[in-house]
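Asks: Predicted model and sequence below, questions to follow.
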Amino acid sequence: MSILDANFPSQQWLTYALDDLNWTRANINGKIWYGACFTAQQAVEKALKAYLIKAGKTAWRVHDLTALLEECITLDRGFEQLRDECATLTPYYTTTRYPDAAQFVEFTEHIAQEAYEFAEKIVTFVQEKLQI
């Protein structure tokens, strides 16, 4: 397992998270439901890593939002409230990227909108914690 450069500023990670959130909205506007779910997962992954890096932790190259969230919870119990959203978004990393993984998943407008709302909630939460 490789690690991310701990010197890479958390603000840059948060900027990318916000860009991914905008990309999620663009995917929804373009009716690319699976794309919206993927970019929502990516926005949250980058936001959680921004928080961990700001806290001086090493952010591993993992895509499991629940694992990242657990690390955030060790630093701030307030992250506990994001557990359900992270659990919903985590599988989108794989199911949206590989056709054989997506064959049993139907991505719909409703699911894409929910993914966006969850991602927006989490990114905003992290942004407020970081005060960036």
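Replies: Okay, I see it. Residues are numbered from 1 along each chain as shown.
Asks: Could you list the low-pLDDT ranges of the protein?
Replies: Applying pLDDT under 70 to the chain picks out residues 1-8, 95-104, 132.
Asks: one more time with 80
Replies: Residue ranges of the chain with pLDDT under 80: 1-8, 58-60, 94-105, 132.
Asks: list the contacts for the residue nearest to the spatial centre of it?
Replies: For the chain, Val44 is the residue whose C-alpha lies nearest the centre (CA atoms, centre = their mean; 1.7 Å). Going by CB atoms under 8 Å, 6 or more residues apart in numbering, Val44 touches 17, 65, 85-86, 89, 118-119, 122-123. No exception for glycine: its C-beta is placed from N, CA and C like everyone else's.
Asks: So what does Trp60 have for phi and psi?
Replies: For Trp60, the backbone dihedrals (degrees, to the nearest 10) come out as phi -70, psi 160.
Asks: so which strand or helix has the residue nearest to the centre of the chain?
Replies: helix 33-54 (DSSP states H and E).
Asks: Buried ones in the helix or strand following that helix, by neighbour count?
Replies: Per DSSP H and E, the first helix or strand lying C-terminal to helix 33-54 is helix 65-75. By neighbour count on 16 or more other CB atoms under 10 Å, the buried set for helix 65-75 is 65, 68-69, 71-72.
Asks: any idea how far Thr108 is from the residue nearest to Glu109 when sequence neighbours are not counted?
Replies: Counting by CB to CB, 6 or more residues apart in numbering, Trp33 is the residue found nearest to Glu109 once chain neighbours are left out, at 6.2 Å. Distance, Trp33 to Thr108, by CB to CB, to the nearest Å: 6 Å.
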